[in-house]
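Visitor: quick one: sequence and predicted model below, then my questions.
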Amino acid sequence: ESELTNIKTLSCTEFETVQEAMTSYLSSIQNVEINSSCIASAGTTHLDIFKPANNDWVINKADVSSALHNIEVNWINDFSAQALATSTLSEDDVVVVNQGNAQIDRVRLVIGPGTGLGTCGLIESSNGWIPLPAQGGHTDFAPNSDLEIEILKILKKQFGHVSVERILSGPGIVNLYKALCQINGRDILFQSPAEV
């Protein structure tokens, strides 16, 4: 466990590559010697060259390593990193949504809506928790009521395949809102997740 320092937020759109963003970040901090790195990114981080989800960059791991002067670079899926972070939560960090019988030694599932719908399983081993990355957000939306079927019909016309994250994510909440406006004959007043 360590304290996070030198936290900065950079906009991906301001940089042509992830290496440029890293170089900009590193030039903004002083007296830091980096021996190794762990990079969490959306996308297929197990490949040598991959495109992050919801971003136009193409990441070449060799180019990133060169930009970091060939230090050891470990790659992890961004939602796997978030899932692993849940293993450090204390009871004070947790809010019970639906009371049940906790089974501490069982596989855990971590779900989080954002630009998409992240999902990751966690299984405990003798060396700690191991992430089981998944693409649960891409599973089919499975309607269970007449209203949900109407929502599916509207979104199917727009997107073809309607995955769960077409509804349960930042952009998804806008899709759901617009579909409900159409169903209820209401004007669409909002365009962003924050407005909805």
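Guide: Great, that's in hand. Residues are numbered from 1 along each chain as shown.
Visitor: state the pLDDT value of S36.
Guide: Looking at S36, its pLDDT stands at 92.
Visitor: dump the residue contacts of it.
Guide: For S36, the contact set (CB atoms under 8 Å, 6 or more residues apart in numbering) comprises 71-74. Backbone N, C-alpha and C define where each C-beta goes, glycine included.
Visitor: which strand residues bridge it?
Guide: Beta bridges link S36 to E72 when assigned by DSSP bridges.
Visitor: for the one 4 residues further on, same thing?
Guide: Counting by DSSP bridges, A40 is bridged to I76.
Visitor: that one contacts A81, correct?
Guide: Yes - between A40 and A81 a contact is recorded at 3.8 Å, counting by CB atoms under 8 Å.
Visitor: before we move on, the earlier item: show me which of the contacts of S36 is closest to N144.
Guide: N74 (41.3 Å; CB to CB).
Visitor: mind checking how far stretch 21-39 is from the chain centre?
Guide: Its chain's C-alpha centre and that of stretch 21-39 lie 23 Å apart, by CA atoms, centre = their mean, to the nearest Å.
Visitor: I meant to write stretch 142-162 there.
Guide: Offset of stretch 142-162 from its chain centre (CA atoms, centre = their mean): 24 Å.
Visitor: ok, C12 - contacts?
Guide: For C12, the contact set (CB under 8 Å, 6+ apart) comprises 21, 55, 57.
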